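Enquirer: here is a sequence together with a model predicted from it:
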Amino acid sequence: KLFAQIIRKCHGRSQKPLYQPSPMSLSELLSFGQKKCEKKSFQFLNDEIPIRLAHIMREFEDLPKELLTMKSVKLVRSWYDLSFKEVQSFAEKDPDDTKVLAEFSVAIQNILNRHSYVVETMAQGVIEMEDTYGMDDKISERIQYFLDRFYMNRISIRMLLTQHAALFGNITNHPRRIGHIDPNCDVIECVSNAFKAARQICEHYHMQAPELDVITADGSKLSNFVYVPGHIEHILFEVFKNAMRAVVEYHRDKLELPKLQIIVAKGKQDLTIKLSDQGGGVPYQDQDKLFQYMYSTAPRPQYTGQESPLAGYGYGLPLSRLYARYFQGDLVVSSMEGYGTDVYLYLKVNSSEANECLPIYNTTTSRMYEAEKVVSDWSSSTNWNQSIRTYSTT
Ligand SMILES: O=S(=O)(c1ccc(O)cc1O)N1Cc2ccccc2C1
């Protein structure tokens, strides 16, 4: 019933449709945080969190039923149901009552803790489904579509909740940061922190790790760039692990490892970080598989326990691309098989353009789950059953 209201459009053009998520820009989140008004933050979250939870809870219902019956997926849905009810219970409470605000902060911490392992648990559900029912392209595409939206929704909810917890909880923060936002984010420091963390793992396991050269393009004044350092370090940590693993494995028997290279360039719109490795690269036709949840779970290497710790359960790149896209940036991989791979991380320079990227549930969404597989209207082989191979538009 509540969800039926949520996608109800209100009358009149000027108003935002009722119960649609409200994307915030980095600059709005920053100034909201600088005001440090706990009551306003409580009221905003009181409205916004149930809406963002409800939209993704409704989308769960369009998932392949094979996935919905998996116990890991049922467990994740039960967490969302519980958290939705907990936030809803504050709907009528008095925002001027400091006891209510204190209870709200406790509820937020409980919700963040409850949802700590959602990514792993959903990945387990996908594996359970594949083991039970097998996999085909159509199910794989629907799962890819859902997980990108599901994890982006989760990133957005955790961003709002951790901002409130950092601003009004009793966590001592970095002096100049507003919650998790740094008005003067030092990208070179982010690069250095991520590189050291990845190198430590690589050296511990592989006894060696490639060195790093960092180049800042001329005229790139890196100062006063507003961003969430944690997001940049999360992304760079993943791509450094990939690059180090590629270089160590491709040059296994050599004494000297070719260095990694980072170039940082800042223009009017983009701050771009390019990471180049000489790790042998990947075939062009396999490049998009790097971002597939199914690919990273499907051909599961036989876990012999000898797996390099640099090789996580493979969600590193798809999730990192969501973090990059969350504030209107992107993550692009460009590989040369036989040589190595370049990864471009694009970030918005202007915080007022860095708006949250939020999935919303509407008729387009539900159609995406019903869509039949498209038949290819390109032919690239004489063999008849090949020519109807569908042209995947991932
Ligand atoms: O596909 S890659 O070119 C590659 C992908 C993403 C990235 O960030 C860096 C990369 O280098 N690459 C990952 C990897 C792992 C083990 C052995 C060989 C390779 C090659």
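Expert: Yep, that arrived.
Enquirer: can you list the residues of the stretch 101-250 of the chain near the ligand?
Expert: Val239, Asn242, Ala243, Arg245, Ala246, Glu249, Tyr250 (C-beta under 6 Å from any ligand atom). C-betas here are computed from N, CA, C, even on glycine.
Enquirer: recalculate using a threshold of 8 Å.
Expert: Applying C-beta under 8 Å from any ligand atom, we find that the stretch 101-250 of the chain lies next to the ligand at Glu238, Val239, Asn242, Ala243, Arg245, Ala246, Val247, Glu249, Tyr250.
Enquirer: in PyMOL, select just the buried ones from the residues you listed.
Expert: To isolate the buried ones among these in PyMOL, judged by 16 or more other C-beta atoms under 10 Å, type:
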select buried, resi 238+239+242+243+245+246+247+250
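Enquirer: can you redo the residues of the stretch 101-250 of the chain next to the ligand as CSV with secondary structure and pLDDT?
Expert: Listed next are these as CSV, based on DSSP: H, G, I helix; E, B strand; the rest coil; pLDDT from 0 to 100:
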residue, secondary structure, pLDDT
Glu238, helix, 97
Val239, helix, 97
Asn242, helix, 96
Ala243, helix, 97
Arg245, helix, 96
Ala246, helix, 96
Val247, helix, 97
Glu249, helix, 96
Tyr250, helix, 97
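Enquirer: select, from the residues of the stretch 101-250 of the chain next to the ligand, the two members most distant in space.
Expert: Pairwise distances across these peak at 18.6 Å for Glu238 and Tyr250 (criterion: C-beta to C-beta).
Enquirer: what about the helices in the stretch 251-394 of the chain?
Expert: 293-297, 316-326, 363-370, 384-387 (DSSP state H, counting those that start in this stretch).
Enquirer: what average pLDDT does the third one get?
Expert: Same thing as helix 363-370. The average pLDDT within helix 363-370 is 89.
Enquirer: what's next to that helix, contact-wise?
Expert: Glu59, Asp62, Leu63, Arg142, Tyr145, Phe146, Arg149, Pro359 (C-beta atoms under 8 Å, 6 or more residues apart in numbering).
Enquirer: next step: those restricted to helices.
Expert: Glu59, Arg142, Tyr145, Phe146, Arg149 (DSSP state H).
Enquirer: look up how far Asp136 lies from the second one.
Expert: This means Arg142. Separation of Arg142 from Asp136 (C-beta to C-beta, to the nearest Å) stands at 10 Å.
Enquirer: quick one, which of the two is more surrounded?
Expert: Arg142 (18 against 9; other C-beta atoms under 10 Å).
Enquirer: surely that one meets Lys65?
Expert: No - counting by C-beta atoms under 8 Å, Arg142 stays clear of Lys65, with 11.3 Å between them.
Enquirer: check contacts around Phe32.
Expert: By C-beta under 8 Å, 6+ apart, Phe32 lies in contact with Met24, Lys40, Ser41, Phe44.
Enquirer: and with 10 Å instead?
Expert: Met24, Lys40, Ser41, Phe44, Gln163, Leu167, Ile178, Gly179, Ile181 (C-beta atoms under 10 Å, 6 or more residues apart in numbering).
Enquirer: go on, Gly267?
Expert: Shown in contact with Gly267 (C-beta under 10 Å, 6+ apart): Ala217, Gly219, Ser220, Val349.
Enquirer: what segments of this structure are strands?
Expert: In the chain, the strands defined using DSSP state E lie at 212-216, 260-266, 270-277, 330-336, 340-348.
Enquirer: check which residues of the first one are buried.
Expert: Within strand 212-216, the residues that qualify as buried by neighbour count (16+ other C-beta under 10 Å) are Leu212.
Enquirer: can you pull out the low-pLDDT segments for the protein?
Expert: Residue ranges of the chain with pLDDT under 70: 1-17, 295-313, 383-394.
Enquirer: about what we covered before: of the ones in helices among the contacts of helix 363-370, closest to Gly340?
Expert: For the ones in helices among the contacts of helix 363-370, the nearest to Gly340 is Tyr145 (30.9 Å; C-beta to C-beta).
Enquirer: re earlier: in a markdown table, list the helices of the stretch 251-394 of the chain along with distance to Met70.
Expert: Shown next, in a markdown table, are the helices of the stretch 251-394 of the chain (distance: least, C-beta to C-beta, whole Å):
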| stretch | distance to Met70 |
| --- | --- |
| helix 293-297 | 13 |
| helix 316-326 | 20 |
| helix 363-370 | 17 |
| helix 384-387 | 32 |
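Enquirer: ok, and the closest non-adjacent residue to Lys39?
Expert: Once flanking residues are discounted, Lys39 sits nearest to Pro95: 4.7 Å by C-beta to C-beta, 6 or more residues apart in numbering.
Enquirer: which residues touch the one you found?
Expert: With C-beta under 10 Å, 6+ apart, Pro95 has these contacts: Glu38, Lys39, Lys40, Ser41, Phe42, Gln43, Asn46, Leu101, Phe104.
Enquirer: so which of those is the closest to the ligand?
Expert: Of all these, Ser41 has the smallest distance to the ligand: 36.6 Å, by C-beta to the nearest ligand atom.
Enquirer: what's near enough to touch that closest one?
Expert: If you count contacts by C-beta under 10 Å, 6+ apart, Ser41 has them with Phe32, Gly33, Lys35, Pro95, Leu101, Phe104, Leu160, Gln163, His164, Leu167, Phe168, Gly179.
Enquirer: now Thr172
Expert: Residues near Thr172 by C-beta under 10 Å, 6+ apart: Ala166.
Enquirer: try Leu212
Expert: Residues counted as contacts of Leu212 (C-beta under 10 Å, 6+ apart) are 191-192, 195-196, 198-199, 240, 243-244, 259-262, 275.
Enquirer: between the residues you listed, which sits nearest the ligand?
Expert: Of all the contacts of Leu212, Ala243 has the smallest distance to the ligand: 4.7 Å, by C-beta to the nearest ligand atom.
Enquirer: identify the bridge partners of the residue lying closest to the closest one once chain neighbours are set aside.
Expert: Excluding the flanking residues, the one nearest Ala243 by C-beta to C-beta, 6+ apart is Asp277, at 3.8 Å. Asp277 forms beta bridges with Thr341, as assigned by DSSP bridges.
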